[in-house]
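S.K.: Following is a predicted model, sequence given first.
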Amino acid sequence: MTVKAVVYVTSTCPWCHRLQDYLTRRGVSYEAIDVGSGADKIEEVRRISGQMGVPVTVLEEHVIVGFDRDAIDEALASCGFEG
């Protein structure tokens, strides 16, 4: 099953780069939103995650704060992702 992820990142965040590399290696399609591109993006990530830190990954109803491989893998599995 195809899963579309949204990841909130900044260009200077090393964990954000690791997250994006991990999703790419897993074959997960994602949209990267740079929260440094405007106050509206900062507010969006705060509304979704309850905080301002990045990275934040959204997989359907799952919101994962930080680069947590186990949580990402569990969320992908619960979304029916086979990759």
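M.R.: On my side now, so go ahead.
S.K.: okay, the residue most central in space within the chain: pLDDT?
M.R.: Most central residue of the chain, judged by C-alpha distance to the mean C-alpha position with CA atoms, centre = their mean, is residue 57 at 2.0 Å. Model confidence at residue 57, given as pLDDT, is 98.
S.K.: Could you confirm it falls within a helix?
M.R.: No. Inclusion of residue 57 in a helix is not indicated when DSSP: H, G, I helix; E, B strand; the rest coil is applied; the result is strand.
S.K.: For the spatially closest residue to it that is not a sequence neighbour, what is the enclosing helix or strand?
M.R.: Using CB to CB, 6 or more residues apart in numbering and skipping the chain neighbours, the partner closest in space to residue 57 is residue 64 (4.4 Å). Bear in mind the C-beta positions are built from the backbone N, C-alpha and C, glycine included. For residue 64, the enclosing helix or strand under DSSP states H and E is strand 62-65.
S.K.: any idea of the mean pLDDT for that strand?
M.R.: Averaging pLDDT along strand 62-65 gives 97.
S.K.: what's the answer for stretch 25-37, then?
M.R.: Taken as a whole, stretch 25-37 has a mean pLDDT of 95.
S.K.: How about the lengthiest helix in the chain, which residues are buried there?
M.R.: In the chain, with assignment by DSSP state H, the single longest helix is helix 14-26. Residues of helix 14-26 classed as buried under the neighbour-count rule (16 or more other CB atoms under 10 Å) are 16, 19-20, 23, 26.
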